[in-house]
Structures are given as structure tokens and as C-alpha cells.
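Chemist: From the sequence below, what's the structure:
(one chain, ligands or ions: 1)
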Amino acid sequence: MFDYLIVGAGFAGSVLAERLANGSGKKVLICDKRPHIAGNAYDFYNDEGVLIHKYGPHIFHTNSKDVFDYLGQFTEWREYQHRVLASVDGMLVPMPINLDTINKLYGLNLTAFEVEEFLASKAEKLDQIKTSEDVVVSKVGRELYEKFFRNYTRKQWGLDPSELDASVTARVPTRTNRDDRYFTDSYQAMPKHGYTRMFERMLDNPNIKIMLNCDYREIADDIPYREMIYTGPVDSFFNYRYGKLPYRSLEFKHETHDTEKFQEAPVVNYPNEQAYTRITEFKCLTGQEHKKTSIVYEYPQAEGDPYYPIPRPENAELYNKYKALADARPDVHFVGRLATYKYYNMDQIVAQALTVYGKIIGMKRKEAAVAAVASSPATTTTTTNGKTKSNGKLPATVQVTGNAVM
Ligand SMILES: Cc1cc2nc3c(=O)[nH]c(=O)nc-3n(C[C@H](O)[C@H](O)[C@H](O)COP(=O)(O)OP(=O)(O)OC[C@H]3O[C@@H](n4cnc5c(N)ncnc54)[C@H](O)[C@@H]3O)c2cc1C
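Modeler: Take a look at the predicted model:
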């Protein structure tokens, strides 16, 4: 008899499997319908030997020391500050928009103070900020909105920014200094040997059994278990009783090139002419040295794997109906981005899973997170003044830089 059947071996399922097995000695069966663990964060060495992310670039960043320390038990970290360029008007310029973006785009030589005035002069005064278009236009004006945001958003979401919640672009900052980092979180790093290796270490416990290529429906009636943790799509769990929750999907086109370096930045965004939204060069993220290089193009599309919940009021209403069904099932814990129909970054999902574990064992999240670091069989980390030190295994990694931007 298993104590828990966990559906999905992504961050949500794997953190809970690790905690229940290592923290509470529970017997866990974790299944995934995909042929691998690690969910969307899955990475692997392709035929040419380059480490790539199957489901698009995954960059780890967080302001939570708890989450960073927790994951640090299962991986060494490689310091990494993400940078993005955007291809606009035939130039490559820093994204998010900063002082250099404006100066390069307009052939100017403004100071930080002057660029603030420049943006203020372009910004439109609006009575109400309701949509994504309002957010951007009220910050940087219509011209920059057209160059950087409008078409990108239309490609990404299949909707005009005027049809999307303000929350979608509320996360896109502009800077009047020359800071060209994409994120400003306190902790920014990549798992040194990749995400999949980190997940393997999380799940390495004799009390955890893993079944891959396995939809939970094929086994749930035959394998005895006490409770379920479900990290798949909530509408699918209830057989789409109220209809399908809308998602935006992506097609990934991977390529390997016989050259050491493909592009000027880890990610280049293409807001306008191309059908794809961005190109990522993996070696820039992973730090791998290799004489070839692998890249991925992302083509947004309506059909396919569910990636991005579409943030519109009518979808939130539909989700609330499913949430009511989920709340009426005390035998099932619904955790993760698909089960709660919300886009979350990886660190937020780890935090959510630690909170759920805390609830299961009757602890507050902070206590559960501290216990998670203290009770793990793997290496522990200590962090002082924003610099991460390890007790032998982990290199110093992080910088304290400010607030999250995405
Ligand atoms: C293109 C893209 C880029 C991203 N980049 C970043 C980034 O740079 N930084 C960041 O922090 N976050 C990023 N994210 C978000 C990140 O992917 C999520 O936060 C994370 O994957 C959520 O983990 P999860 O466990 O909730 O879901 P998932 O990783 O999706 O895991 C859920 C698992 O459940 C399985 N499953 C579903 N139904 C069933 C079933 N019936 N039976 C068995 N198994 C089932 C699925 O196969 C899947 O493996 C990105 C997401 C996308 C789509």
C-alpha cells in the first residue's frame, strides 16, 4: 500500500515526493505520462552531446532563500545572470527597455535623468489601467508599445494586448539605467549538471517508486494508495465537466549548428516580422563548452501541450467552477500550475509544494521549508550577505540585486 499516489513528476510532484519520503518516511508512487521526470524543466544531452531544454529555456531565479537552499541540497549551482536582446528596426537592443535601448534605437546620447523625461513625454495619461495595452502605453507611449510589445503579445497569446488582462504586461519593466539583466532576483543560478540530474537526486529514495509513460488513470484503480497528489490539468481530472480551460501552447523547433556560437545573447526576442517569438542558445545558459551549438525557436500556437493559462476574466470564472469541485475532494491535493490553472515560475511552484507539505504534516510553510533543508540527506547550504556558501560541495553563486521582475 502506498501512502501517496503523486500524479506528475514536475517540480510540484517531485518536491512533494521528496518531502513525504525523506521528511516523513512515507511510501510514494509518482507517475508521469511523459517518458521522463522533471516535467517542463526536463533537459537532456541531444544526439550531438549538447545539453538542451526540451520544453524551452528554463532559467532559475528567486527571491526566496528557503527555496534556493532547499533545491541547493540536490544540485550544485552555476552562477548565471540572464540577458535578452530584442530585434527591432534591424538592430539588436537590450530587453527590458533601458537607457541603452532608447539611445541605440533613436541615435541619442541621453543620461538616465533625460531618458526618464523622454519616456514620461511619450507616456499616455489614462484614467484607468485595465488591459495590457493600457499598462505599456501609460508607461512608455504608443511608439515603443508598437515596436516591442504589440506584435509580440499578439503572437504569444493570439490576442491583441487590448484584449488581455493588465497582469500579462504588468511584469515587463522599463529601466532608466544601463542594467541589462532580465531578472533582478536575489538568487539567479542554473543547476550545474542540469535540471534532470537535480530531479534524479530529489527522487533518489527507496520509498519513492517512479512510473513513466503512465497516465494515472491506467493505474489508479489497481494500485492501493491512501491519498492522491494531483499536478495535472484540473479540467482533465473532472473529465472537462464544464468545458476545456483555454491554454496557449508552443511548438519548439530545435536545431544544432556546426559553429561554437550562434547569436549575440542567450535569448533574442523577435517581436515583429518572424512567426517565432524568440531564439534561445542553450550553451549560454548551461555554460557547456562544445564545438557545436544548439538553439530552439518558439512558435506560439493554440493547440498542443498546455503551457500558458490565458489570463482573461471568463477563464478565471471557468477555473473557479473547477476549483469548487477540487475543494470538495479532501482526498486529493491539487498542486502546481496545471492543477491551479495559473502561470507560476519554478520557484513559486517549489514554494507552493512546500506549503502543501506543511499542511499535510501540520506545519507552517516556513517551518516546513526549514525542516526540508535540515532533514535532507544531501548537502546543506548556508547563505550570508546574499552570497551562497556550501559545506564543501556548492560554489558561491548569487548576488543580491533587488526585486523580481517576472
Ligand atoms: C516555455 C516555458 C518556459 C518557462 N521558463 C521558465 C523559466 O525560465 N523560469 C521559471 O522559473 N519558470 C519557467 N517556466 C515555468 C515552469 O515550467 C513551471 O513553473 C513548472 O514547470 C511548473 O511545475 P509543475 O510541476 O506545476 O508542472 P509541470 O512541470 O508541467 O509538471 C506536471 C507534470 O504532470 C504530468 N501529467 C499531466 N497529466 C498527467 C496524467 N493524467 N497522468 C500522469 N502525469 C500527468 C505532465 O506530463 C507533467 O510532466 C516556463 C514554462 C514554459 C511553458
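
Chemist: Now do the contacts for the residue of the stretch 151-300 of the chain found nearest the ligand.
Modeler: Relative to the ligand, the nearest point of the stretch 151-300 of the chain is residue 232 (2.7 Å; CB to the nearest ligand atom). Quick note: C-beta positions are derived from backbone N, CA and C, even for glycine. Going by CB atoms under 8 Å, 6 or more residues apart in numbering, residue 232 touches 7-8, 216, 338-339.

Chemist: same deal with residue 228?
Modeler: Contacts of residue 228 by CB under 8 Å, 6+ apart are 4-7, 216, 220, 331-333.

Chemist: could you redo the last one with a cut-off of 7 Å?
Modeler: Residues near residue 228 by CB atoms under 7 Å, 6 or more residues apart in numbering: 5, 7, 331-332.

Chemist: Most neighbours among these, which one is it?
Modeler: residue 7 (29 neighbours; other CB atoms under 10 Å).

Chemist: List, one by one, the residues from the stretch 101-250 of the chain near the ligand.
Modeler: Contact residues, the stretch 101-250 of the chain versus the ligand (CB under 6 Å from any ligand atom): 215-216, 231-232, 250.

Chemist: got any ranges where the chain has weak pLDDT?
Modeler: For the chain, applying pLDDT under 70 flags the ranges 170-172, 365, 375-406.

Chemist: Go ahead and flag the most central residue of it.
Modeler: residue 345 (3.4 Å; CA atoms, centre = their mean).

Chemist: List the beta-bridge partners for residue 279.
Modeler: Beta-bridge pairing of residue 279 under DSSP bridges involves residue 268, residue 297.

Chemist: Tell me how many other residues crowd residue 75.
Modeler: Residue 75: 24 neighbours (other CB under 10 Å).

Chemist: same thing with the one 4 residues further on?
Modeler: Taking other CB under 10 Å as the criterion, the count of residues near residue 79 is 15.

Chemist: Distance check, the residue nearest to the centre of the chain against residue 311.
Modeler: Applying CB to CB, to the nearest Å, the value for residue 345 to residue 311 is 15 Å.

Chemist: now residue 289
Modeler: Using CB to CB, we find residue 289 at a distance of 40 Å from residue 311.

Chemist: between the two, which one's more packed in?
Modeler: residue 311 (17 against 7).

Chemist: Show the contacting residues for the more buried one.
Modeler: Neighbours of residue 311 in contact, by CB under 7 Å, 6+ apart: 164-165, 167-168.

Chemist: Of those, just the buried ones, ChimeraX syntax please.
Modeler: In ChimeraX, this line selects whichever of the contacts of residue 311 come out buried by 16 or more other CB atoms under 10 Å:
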select :164,165,168
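
Chemist: Which positions within stretch 202-218 qualify as buried?
Modeler: 202-203, 205, 207-211, 214, 216.

Chemist: first to last residue in that stretch, what's the distance?
Modeler: Counting by CA to CA, to the nearest Å, you get 25 Å between the two ends of stretch 202-218.

Chemist: List of residues touching that stretch?
Modeler: Contacts for stretch 202-218 (CB under 7 Å, 6+ apart): 5, 7, 9, 14, 17-18, 21-22, 25-37, 74, 219.

Chemist: How about stretch 351-368?
Modeler: Contacts for stretch 351-368 (CB under 7 Å, 6+ apart): 11-12, 15-16, 19-20, 23-24, 64, 67, 70, 333, 335, 344, 369, 371-372.

Chemist: again, only using 10 Å
Modeler: 4, 10-20, 23-24, 26, 62, 64, 66-67, 70, 227, 229, 231, 333-337, 339-340, 342, 344-345, 369-372 (CB atoms under 10 Å, 6 or more residues apart in numbering).

Chemist: Which ones among those map onto strands?
Modeler: 4, 62, 227, 229, 333-334 (DSSP state E).
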